[in-house]
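Chemist: return atomic coordinates for the entry below.
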Amino acid sequence: MPLTILDYDHDRDWEAVKRIHHEVGWLDDEDDAKEFEHLARCFDGVVFPLDGEAECAVFTAPGAMRYLETDVHMTAVAGVTTSRVARKLGAAKRLTAHALARAADAGSEMAALGMFDQGFYNRLGFGNGSYVNRIRFDPATLTVDVPFRSPKRIGRDQWPDVHAAMHNRLRGHGGCLLNIPEIARYDMASVGRKLIGLGYYDGPGDTLSHFFWGEADGANGPYRIYYYAYQTSAQLFELLALIKSLGDQVLVFAMEEPPEIQFQDVLKQPSRNRTSTHGSKYAGSHETIAYWQARMLDVPACLEKTRLDAEPVTFNLAMSDPIEGHLDGANEWNGCAGDYVVTLGEESAAETGRSPSLPTLNASVGAFTRLWLGVRNASSLTLTDEVAGDEALLRALDRSLRLPRPHLGWDF
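Modeler: Below is the predicted model:
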């Protein structure tokens with residue numbers, strides 16, 4: 001059936017949206033709801049009304065993703081929620097597609113999201129991002145041997161400092177920014193009462209330069225780090241030394257592996273520690289998972305920002321995009337499907353059209369986004385995703401797109 005899509009109006013829709021978030025388990029109590037209300041006012045949102053009340057809501061936020069040394073304008077899909085009475089109506093897909101179309105019309109070049117599981121958002125053109133390594137380790141086993149200074153405490157009230165530090169942090173390929181400061185406010189408010197936050201104000205004008213912040217569970221841990229940032233490798237190692245100093249009491253820390261190092265390199269006997277603590281509350285572990293997805297919204301704009309240290313490769317790109325079936329023509333943007341002539345190299349480009357003299361790569365927008373980001377190479381994607389082309393072209397793309405593993409560095 002046709003679905004009505006309305007812009008989110010806080011005065012009209014907040015109580016219904018709050019109810020939806022309680023129903024799906026995203027809000028625990030009224031204090032949590034009050035904090036989320038601040039954030040909802042800042043998001044760009046759309047809702048689906050049923051019997052006069054919102055029963056599905058999609059919120060997005062502006063941001064950026066680093067592509068090698070250049071930032072690409074990114075829309076973060078920050079929340080997709082459907083109430084218990086509006087399931088299986090197609091509302092979540094339609095609203096998300098509409099929100100992406102609005103973002104593309106406004107100049108966003110790509111979109112990313114954290115997925116509840118792969119499959120659903122693939123229907124809107126998203127493809128899996130890279131693996132993230134999540135480490136649980138005994139801080140006393142860190143082999144970092146550098147001096148550290150007494151830190152400052154970082155509490156909930158320092159959320160503007162945390163957001164600014166995340167924006168000013170060292171970012172490599174794939175590193176994301178989220179432009180709405182209240183995202184940090186909500187994230188820091190939604191964590192339980194037992195907090196751990198330490199850092200240093202070494203930035204210009206005594207601004208927060210490097211820190212970690214998260215949750216402390218009991219006297220001995222686990223301590224879970226949700227936010228961390230630094231501007232130099234020396235600052236990263238000062239933070240690790242600070243974490244090590246807590247190892248006389250805390251038995252386990254949990255955090256995402258920083259992209260600059262292989263964490264096992266800075267641990268003493270990591271395999272022995274995992275084996276000896278197996279089954280314990282303080283067990284060491286190493287979990288690898290791809291929890292995020294991305295897709296292009298503007299293929300020419302993304303390619304224009306692509307500068308590769310490689311011999312140029314030029315080819316036809318025949319791109320499919322499943323999002324077309326979930327749009328109603330209310331926006332100018334209607335997905336990325338079509339034919340492009342693509343050049344990858346020091347100067348990259350994508351122009352609409354087709355050249356009969358060039359080889360052709362057939363790809364869905366999600367699969368091509370994965371290829372472009374360096375999540376997997378072209379030959380690999382022919383085995384498990386929607387990519388097809390002749391062997392010579394695939395080998396040329398494998399040589400051209402040798403990229404670092406993209407690392408978001410900011411969960412959303």
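Chemist: give the next helix or strand downstream of the helix or strand bottoming out on mean pLDDT in the chain.
Modeler: One helix or strand of the chain scores below all others by mean pLDDT, DSSP states H and E: helix 270-277, with a mean of 90. Sequence order places strand 285-289 as the next helix or strand after helix 270-277, per DSSP states H and E.
Chemist: I figured residue 259 hits residue 176, correct?
Modeler: No. Checked against C-beta atoms under 8 Å, the pair residue 259 and residue 176 is beyond contact range at 12.0 Å. For glycine as for every other residue, the C-beta is placed from the backbone atoms N, C-alpha and C.
Chemist: any shared contact partners between those two?
Modeler: Shared contacts of residue 259 and residue 176 (C-beta atoms under 8 Å, 6 or more residues apart in numbering): residue 409.
Chemist: residues contacting residue 242?
Modeler: 148, 151, 198, 212.
Chemist: would you mark the buried spots in the least confident helix or strand of the chain?
Modeler: Neighbour-count burial for helix 270-277, with 16 or more other C-beta atoms under 10 Å as criterion, is recorded at 270, 273-274, 277.
Chemist: next, the angle strand 285-289 makes with it.
Modeler: Interaxial angle of helix 270-277 relative to strand 285-289 (axes from the mean of the first three to the mean of the last three C-alpha atoms, to 10 degrees): 110 degrees.
Chemist: any regions of the stretch 1-150 of the chain where pLDDT drops low?
Modeler: Applying pLDDT under 70 to the stretch 1-150 of the chain flags the ranges 1.
Chemist: just the helices in it please.
Modeler: Under the criterion DSSP state H, counting those that start in this stretch, the stretch 1-150 of the chain contains helices at 10-23, 30-42, 91-105.
Chemist: and the last one, what does it pack against?
Modeler: Right, helix 91-105. If contacts are counted by 3 or more C-beta pairs under 8 Å, 6 or more residues apart in numbering; DSSP states H and E, helix 91-105 sits against strand 44-50, strand 53-67, strand 70-82.
Chemist: ok, which of those comes nearest residue 307?
Modeler: Nearest of these to residue 307, taken as C-beta to C-beta: strand 70-82 at 7.0 Å.
Chemist: list the neighbouring strands of that closest one plus their orientation.
Modeler: Here strand 70-82 is paired, per DSSP bridges, with strand 53-67 (antiparallel), strand 110-114 (parallel).
Chemist: now render the ones you listed as a markdown table, adding distance to residue 33.
Modeler: As requested, the strands paired with strand 70-82 are arranged in a markdown table below (distance: least, C-beta to C-beta, whole Å):
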| stretch | distance to residue 33 |
| --- | --- |
| strand 53-67 | 14 |
| strand 110-114 | 21 |
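Chemist: which one, of these, ends up nearest to residue 237?
Modeler: Judged by C-beta to C-beta, the one of the strands paired with strand 70-82 that comes nearest to residue 237 is strand 53-67, at 22.0 Å.
Chemist: quick one on the thing from earlier: could I have the least confident helix or strand of the chain exported to CSV, CA atoms only?
Modeler: This file holds the C-alpha atoms of helix 270-277, laid out as CSV (Å, rounded to 0.1, in the frame of the first residue of the first chain):
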residue,chain,number,x,y,z
PRO,A,270,48.5,-13.0,24.5
SER,A,271,47.7,-16.7,23.6
ARG,A,272,48.7,-17.9,27.1
ASN,A,273,46.6,-15.2,28.7
ARG,A,274,43.5,-16.1,26.6
THR,A,275,43.9,-19.8,27.5
SER,A,276,44.5,-19.3,31.2
THR,A,277,41.5,-16.9,31.6
